[in-house]
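Q: model the structure of this input:
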Amino acid sequence: MPADLFVDTNVLVYAHDVDAGEKHERAKRLITELWQLKPLPWLSVQVLQELLVTLRRKGVATVEARETVEAYMRWRIAENSLDLLNAGIAEMERWQLSLWDGLILAAARSMGATTVYSEDLSDEQDYGGIRVVNPFRQC
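A: Residues are numbered from 1 along each chain as shown. Now for the predicted structure:
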């Protein structure tokens, strides 16, 4: 597993979504492995926000959703900023992505990550030095 790893929201969501079947089991195992990495992987404030909103939509109590997000705050976090927003817009335009996916790439790039675990971006694509790995491609 690369040390310069950035993790997208969907990986975290599946790890906590017991109704996600095989993806839940795969994500749970992966997250357990990721907690062992030194240094821990990168996330962004955006990822934490999306995780909280998605857990709440799935019926997780606010207190439990908040505690889950707070646990992930121990990982390395890319902070939101105007510079990150501008970089996200540039990624969106360059790669013809949604703003949200552009922000994921911009956050990963700003932290020096070269690998992003994501189900949303194109598996195995190289986005200008950032390679995407879909950990659920076989699910």
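Q: next, count neighbours for Leu40.
A: Neighbour count for Leu40, taken as other CB atoms under 10 Å: 17. C-beta coordinates here come from the backbone N, C-alpha and C atoms, glycine included.
Q: which regions of the protein sit below the pLDDT cut-off?
A: The chain contains residues with pLDDT under 70 at 1-3, 139.
Q: please enumerate the strands of it.
A: 5-7, 42-44, 76-78, 115-117, 131-133 (DSSP state E).
Q: so which of these gets nearest Thr62?
A: strand 42-44 (20.1 Å; CB to CB).
Q: contacts for that closest one, please.
A: If you take CB atoms under 8 Å, 6 or more residues apart in numbering as the criterion, strand 42-44 is touched by 4-7, 12, 72, 75-80, 84, 103-104, 107-108, 111, 113.
Q: whichever of these end up buried, select them in ChimeraX.
A: For the buried members of the contacts of strand 42-44, the matching ChimeraX selection, counting by 16 or more other CB atoms under 10 Å, is:
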select :5,6,7,12,72,75,77,78,84,103,104,107,108,111,113
